[in-house]
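Participant: coordinates for the following, if possible.
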Amino acid sequence: MSDVPKRPCSSPHCPHFVIEGRCASCRRKYEETRPHAFSRAWYRSPRWQALRRAALRAQPFCSLCEVEGRRRATTDADHIEPHRGSPELFWNPANIQALCHAHHSAKTQSGA
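Facilitator: All right, here's what the predicted structure looks like:
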């Protein structure tokens, strides 16, 4: 048993206490209401894991870093054109590029 004190669930008006974040019920409800909730499950599939590994093997160094004169290993598989729930764009290997985490985060944050 953990000695960490429990605190209220971070969802408003929830009566449950947790070690951190949301309780299981609120977490499930939250995930179901997020945009493209159904396609988020694709990222946990063995098919995606294989596609991701193939992209990282094919492109071991970040192409955006190389343009900037650096050589950094790739860590993230990125959809070149955001899929926005489209299975054709999500699973298309030609729509996947490998980037370092910093460039992938910057691209995702910019909405590009």
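Participant: show me where the protein has its strands.
Facilitator: 7-8, 17-18, 76-79, 96-99 (DSSP state E).
Participant: between the ones you listed, which one is nearest to L56?
Facilitator: Checking these against L56 by C-beta to C-beta gives strand 96-99 as the closest, at 5.0 Å. C-beta: built from backbone N, CA, C; applies to glycine.
Participant: average pLDDT for that closest one?
Facilitator: Strand 96-99 carries an average pLDDT of 97.
Participant: outside of that strand, which residues touch it?
Facilitator: 51-52, 55-56, 58-60, 62-64, 74-80, 107 (C-beta atoms under 8 Å, 6 or more residues apart in numbering).
Participant: next step: those restricted to helices.
Facilitator: 51-52, 55-56, 58, 63-64, 107 (DSSP state H).
Participant: dump the strands of the chain to TSV, plus mean neighbour count and distance to G111.
Facilitator: Formatted as TSV, the strands of the chain follow (neighbours: other C-beta atoms under 10 Å; distance: least, C-beta to C-beta, whole Å):
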stretch	mean neighbour count	distance to G111
strand 7-8	12	33
strand 17-18	14	32
strand 76-79	19	13
strand 96-99	22	16
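Participant: that older thread, just the buried ones out of the contacts of strand 96-99, please.
Facilitator: 51-52, 55-56, 62, 64, 74, 76-79, 107 (16 or more other C-beta atoms under 10 Å).
Participant: now for these, which pair is the farthest apart?
Facilitator: Spanning the widest gap among these are L51 and L64, at 20.1 Å by C-beta to C-beta.
Participant: for K107, see how far away H79 is.
Facilitator: Per C-beta to C-beta, to the nearest Å, H79 is found 10 Å from K107.
Participant: S39 now?
Facilitator: Taking C-beta to C-beta, one finds S39 at 18 Å from K107.
Participant: center of the chain - which residue?
Facilitator: With distances taken as C-alpha atoms, centre = their mean, Y43 lies nearest the centre of the chain, 7.2 Å away.
Participant: what does the domain assignment say about this protein?
Facilitator: 1-33, 46-110 (automatic domain parsing).
Participant: lowest average pLDDT across these?
Facilitator: Among the domains of the chain, domain 1-33 carries the lowest mean pLDDT (a mean of 88).
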